[in-house]
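Asker: The sequence and its predicted three-dimensional model are supplied below.
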Amino acid sequence: MKQWLENQFELARWHTSVSTEIIAGATTFATMAYVLAVVPGMMAGAGLPAGAMLTAMVLMIVITTLGMAFYTNRPFVLAPGLGSVAIFSITMVQLQKIPVETAAGLVFLSGILFIIVTVFGIRDAIVALIPKGIKISISAGVGLFIAVIGMRNAHLIAANAKKTALSFADLTQPAVIVAVIGMVILLILESRRVKGSALIAIAAATLAGLPLGVTHLPSSVFSSPEGIGDLLFRFDLASALDLKYIPYLFAFFLPDFFSSFGTALGVGGRAGFLDENGDLPSLHKVFLVDSLAATLGSFATVPVLITYLESSAGVEAGGRTGLTALTSAALFLAVLAVTPLALMIPSAATAPILIYVGISMMKGLRNLDYDTMSECIPAFLCIALAIFTFNVGNGIAAAFIAYVIIRLAAGEFRLLRAGHFLLAAVLMYYFYSMAVMK
């Protein structure tokens, strides 16, 4: 088995081991476990059965992540993008009263669009258009975004309506104490270079949450997965093709396109995968799995599946190959039998990992040319808007538009190609469509 794993995942080439990859996969799973409760709960608001949605989502995570593991040999795990889930359930079904079948049809069309731009090399062409300065800032933007998610999960920060900004939450909350305990343990273990430090910190914080009432013991350990018959092929393509739904198609496609792109570069940069131009070799393979995953998920009414930011937790734990993703997929599959046990891990226990990973992803900014406006301004927008709008795709899109405008204003027309103008126009339409949906 060890030899097969070596041949399949090239562990020696990536200077890793079976034990390191398994620990990394378990770390990614523990950090992503919140989707087991969040996504089915959000989709239940659209009238879909939470139990069946949990089963469907886990099956899609397992199938698509296995595809990523064996086809790309990258430590990336896929799951439904929370932005897509919110658009599907809240914006479309609950607020706009769009039928679930129509919304599912738009998810399917979004997946088909993903496949088309991937197979015909359009994705690679778009990536080639992204300037190096934005590529550098993506890692930092993704890192800060991950850190903000961690701080939110730790209840350290919260939205303050009076200040119209984020501010400290109630620091006396038990969740904050659990997160601080986890962070202290993590920093001690990391400074001592203890293997599996992230997983140990999560386990310790989870246990610390028991007497504080943050961690709740399940009434049972084992569970039986619900059937997904009511969710299969539940889409109406005829209604989804109505032109009035084009803004929603863009809302599914563009943010997840750029989020997956940003995650691949950001997490890939932390893993040391990027070349001298800031590109990820064989990125087209990651794109292909992403596009097929988006389409496949629609077959079970699961919103767009994307490469998850939390994959960075596994990378931080030393994961470098598809064996990390394979381990995460195996643990998600096991969840179908022990869901209550997996849901016992509180978000406050995984928050320190996200904060630490976010901090570690900032170092790429040292390569940014701060004296060149066409680099530093788009970089700032990429980072700031990713955080302030809580969407990495928004940051990348705004940064690219700003890059084109600055080049034109500086009279550097010769540095731009037709593709720059075309992509900028598409991204401006995306922001317009988002405004219309509001």
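Answerer: Right, received. Where do you want to start?
Asker: what about Ser291, which SS state?
Answerer: In three-state terms, and counting by DSSP: H, G, I helix; E, B strand; the rest coil, Ser291 is helix.
Asker: any idea of the pLDDT on it?
Answerer: Reported pLDDT at Ser291 in the predicted model: 90.
Asker: Find the nearest non-adjacent residue to it, please.
Answerer: Closest residue to Ser291 apart from its sequence neighbours, by C-beta to C-beta, 6 or more residues apart in numbering: Phe114 at 3.4 Å. Where C-beta positions appear, they are placed from N, C-alpha and C, glycine not excepted.
Asker: Contact partners for the one you found?
Answerer: By C-beta atoms under 8 Å, 6 or more residues apart in numbering, the contact set of Phe114 is 253, 257, 290-292, 294-295.
Asker: Neighbour count added to those, as JSON lines?
Answerer: What follows is the contacts of Phe114, written out as JSON lines (neighbours: other C-beta atoms under 10 Å):
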{"residue": "Phe253", "neighbour count": "24"}
{"residue": "Phe257", "neighbour count": "28"}
{"residue": "Asp290", "neighbour count": "31"}
{"residue": "Ser291", "neighbour count": "23"}
{"residue": "Leu292", "neighbour count": "19"}
{"residue": "Ala294", "neighbour count": "33"}
{"residue": "Thr295", "neighbour count": "19"}
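Asker: What is the nearest of these to Thr321?
Answerer: Of all the contacts of Phe114, Thr321 sits closest to Asp290, with 18.3 Å by C-beta to C-beta.
Asker: So that closest one is in contact with Val304, correct?
Answerer: No: contact criterion C-beta atoms under 8 Å: Asp290 and Val304 do not qualify, at 9.0 Å.
Asker: I'd like the distance from stretch 272-291 to the chain centre, please.
Answerer: 16 Å (C-alpha atoms, centre = their mean, to the nearest Å).
Asker: From Ile126, how far off is the residue nearest to Ser291?
Answerer: Distance of Phe114 to Ile126, computed by C-beta to C-beta, to the nearest Å: 12 Å.
Asker: do Ile406 as well
Answerer: 19 Å.
Asker: Next one: the closest residue to Asn277 other than its chain neighbours relative to Glu375, how far apart?
Answerer: Spatial nearest neighbour of Asn277, excluding adjacent residues (C-beta to C-beta, 6+ apart): Lys132 at 6.5 Å. In this view, Lys132 and Glu375 are 8 Å apart by C-beta to C-beta.
Asker: Please say which of the two ends up with more neighbours.
Answerer: Glu375 (20 against 15; other C-beta atoms under 10 Å).
Asker: isn't the more buried one right up against Gly278?
Answerer: No: using C-beta under 8 Å, Glu375 is not in contact with Gly278, being 11.9 Å away.
Asker: Could you tell me which residues touch both of those two?
Answerer: Taking C-beta under 8 Å, 6+ apart as the criterion, Glu375 and Gly278 both touch Lys132.
Asker: Okay, the closest residue to Leu82 other than its chain neighbours and Asn153: tell me how far apart.
Answerer: Computed as C-beta to C-beta, 6+ apart, the closest residue to Leu82 that is not its neighbour in sequence is Val38, at 7.0 Å. To Asn153, Val38 is 11 Å away according to C-beta to C-beta.
Asker: For these two, work out which one has more neighbours and name it.
Answerer: Neighbours were counted for Val38 and for Asn153 using other C-beta under 10 Å; Asn153 has more, 23 against 14.
Asker: Show me the shaky parts of the stretch 301-438 of the chain.
Answerer: For the stretch 301-438 of the chain, applying pLDDT under 70 flags the ranges 437-438.
Asker: could you pull out the helices for the stretch 251-400 of the chain?
Answerer: Here the stretch 251-400 of the chain has its helices, by DSSP state H, counting those that start in this stretch, at 283-298, 311-316, 322-342, 347-360, 373-388, 392-409.
Asker: what's the first one packed up against?
Answerer: Which is helix 283-298. The helices and strands touching helix 283-298, judged by 3 or more C-beta pairs under 8 Å, 6 or more residues apart in numbering; DSSP states H and E, are helix 50-72, strand 78-80, helix 100-119, helix 122-129, helix 246-271, strand 305-307.
Asker: Please find the angle between the direction vectors of the first one and helix 246-271.
Answerer: Think helix 50-72. 50 degrees (axes from the mean of the first three to the mean of the last three C-alpha atoms, to 10 degrees).
Asker: What average pLDDT does helix 50-72 get?
Answerer: Average pLDDT, helix 50-72: 96.
Asker: and the residue nearest to the spatial centre of the chain, how far is that from Gly45?
Answerer: Compute the mean C-alpha point of the chain, and by C-alpha atoms, centre = their mean the closest residue is Tyr308, 2.8 Å away. Remark: distance between Tyr308 and Gly45 (C-beta to C-beta) = 22 Å.
Asker: again with Ile306
Answerer: Relative to Gly45, Ile306 is positioned 21 Å away (C-beta to C-beta).
Asker: more crowded one of the two?
Answerer: Legend: neighbour count by other C-beta under 10 Å for Ile306 and Gly45, higher for Ile306 (29 against 15).
Asker: what's near enough to touch that one?
Answerer: Ile306 touches 78-81, 84, 256, 259-260, 263, 290, 293-294, counting by C-beta under 8 Å, 6+ apart.
Asker: Turn those into CSV, including distance to Val338.
Answerer: Formatted as CSV, the contacts of Ile306 follow (distance: C-beta to C-beta, whole Å):
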residue, distance to Val338
Leu78, 21
Ala79, 18
Pro80, 21
Gly81, 26
Ser84, 27
Asp256, 30
Ser259, 30
Ser260, 30
Thr263, 28
Asp290, 29
Ala293, 25
Ala294, 28
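Asker: Most neighbours among those, please name it.
Answerer: That'd be Ala294 among the contacts of Ile306, by other C-beta under 10 Å, with 33 neighbours.
Asker: so how far is Ala240 from the residue nearest to it when sequence neighbours are not counted?
Answerer: Among residues not flanking Ala294 along the chain, Gly111 sits closest, at 3.7 Å (C-beta to C-beta, 6+ apart). Here the distance between Gly111 and Ala240 works out to 12 Å (C-beta to C-beta).
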